[in-house]
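Coordinates only, no sequence provided:
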């Protein structure tokens, strides 16, 4: 058992004692907090069913207390429902109801709210947005992304810069899923700009996070028929990926191979055969299966 597991076990023991003590006195704001805290610990330990039971109990108590005029902190409310949303996502169940509840108090959430600090809000917003995007709720995901961006608006430290880049990329994904390609491109461009600045100042955490919005923007450009911009972004993505490969930072070469193939196709359509074949040969030397057949087929299509 590592140190984090030991810490969680101790925290669980403490919250078990707290819950047992408070349950004797019936529903109270303190018991709600204890249930939320224990539910979150159980979630982190992988006990999803038990975590859901605690968080559901907290939700029911919140409703009861608020009907009696007791105000519950926005942090407690959002933490409860966003965590239930995350659990349901892991269980591959419907998530929108719980995240919708969380959204009703999201505007009140502050870095000094219960259960949260600035980093905690950002992590929650990113996780919630990713879960909602994967579950095909881009409009709701966008609301979490924009909350995270609001919290980081004036932050200039390294960690915040990397999270801003991540959030702008996510916002691009949300807008793209809603069919607004040009607005998505704008957000991807913001992410690329931030990533470039972080890279130049050697504050970037992961260069792949810069490449992702470049590739995403290139696909928007392709769909909009912006061929020059599309090819320029492909070449930029290839350059960055090749640099990552050179220093052994590229975990999956398939992405780079795909970029070479896409660039070759774009160049071939312009009649730039030699440049296209140079990209294809790079894919061949990287060992991609079928690249040689692809090259032959492209050559046959010219005649």
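Happy to help now that I have it. Predicted, not measured: the structure shown is a model, and the values here were computed from it. Numbers count the residues shown, from 1 in each chain.

For residue 38, see how far away residue 89 is.
Distance, residue 89 to residue 38, by CB to CB, to the nearest Å: 20 Å. No exception for glycine: its C-beta is placed from N, CA and C like everyone else's.

An error on my part: the question was meant for residue 276.
Plainly put, residue 276 is 60 Å away from residue 38 if you go by CB to CB.

Then residue 149?
Residue 149 is 32 Å from residue 38, where distance means CB to CB.

Looking at the two, which is more packed in?
residue 38 (24 against 19; other CB atoms under 10 Å).

can I assume that one is in contact with residue 14?
No. If you go by CB atoms under 8 Å, residue 38 and residue 14 don't touch, sitting 9.0 Å apart.

Show me the helices in the stretch 101-250 of the chain, by range?
For the stretch 101-250 of the chain, the helices defined by DSSP state H, counting those that start in this stretch occupy 118-134, 138-151, 158-177, 181-200, 208-223, 227-246.

Now tell me what touches the first one from outside.
Defining contact as CB atoms under 8 Å, 6 or more residues apart in numbering, one finds that helix 118-134 is touched by 78-79, 82, 85-86, 89, 95-96, 99, 102, 109, 111, 116, 138, 140-142, 144-145, 147-148, 151-152, 155, 159, 163, 166-167, 170, 173-174, 177.

Give me the buried subset of those.
Neighbour-count burial within those applies to 78-79, 82, 85-86, 89, 95, 99, 102, 109, 116, 138, 140-142, 144-145, 147-148, 151-152, 163, 166-167, 170, 173-174, 177; the criterion is 16 or more other CB atoms under 10 Å.

for stretch 90-101, which positions count as buried?
Result for stretch 90-101 [16+ other CB under 10 Å]: buried residues 95, 98, 99, 101.

Next, find the distance separating the last one from residue 61.
What that stands for is residue 101. Residue 101 is 14 Å from residue 61, where distance means CB to CB.

now do the second one
Note on residue 98: its distance to residue 61, by CB to CB, is 16 Å.

Repeat that for the third one.
According to CB to CB, residue 99 stands 20 Å off from residue 61.

Residue 172 now?
Residue 172 sits at a distance of 39 Å from residue 61 (criterion: CB to CB).

Those two: which has the busier surroundings?
residue 172 (28 against 21).

need the contact list for that one.
With CB under 8 Å, 6+ apart, residue 172 has these contacts: 184, 185, 186, 187, 188, 191, 213, 216, 217.

Skip the chain neighbours and tell me the closest residue to it.
Of all residues not flanking residue 172 in the chain, residue 187 sits nearest, at 3.7 Å (CB to CB, 6 or more residues apart in numbering).

Show the contacting residues for the one you found.
Residues near residue 187 by CB under 8 Å, 6+ apart: 168, 169, 171, 172, 175, 213.

Tell me where the model's unsure across this protein.
The chain contains residues with pLDDT under 70 at 1, 287-303.

Nearest residue to residue 54 in space, please, no chain neighbours.
Here the nearest residue to residue 54 in space, its sequence neighbours aside, is residue 39; by CB to CB, 6+ apart that works out to 3.5 Å.

Tally up the residues packed near the one you found, please.
Applying other CB under 10 Å, we find 27 residues neighbouring residue 39.

Confirm for me that it is in contact with residue 83.
Yes. Contact criterion CB under 8 Å: residue 39 and residue 83 qualify, at 6.6 Å.

which residues are common contacts for those two?
51, 55.
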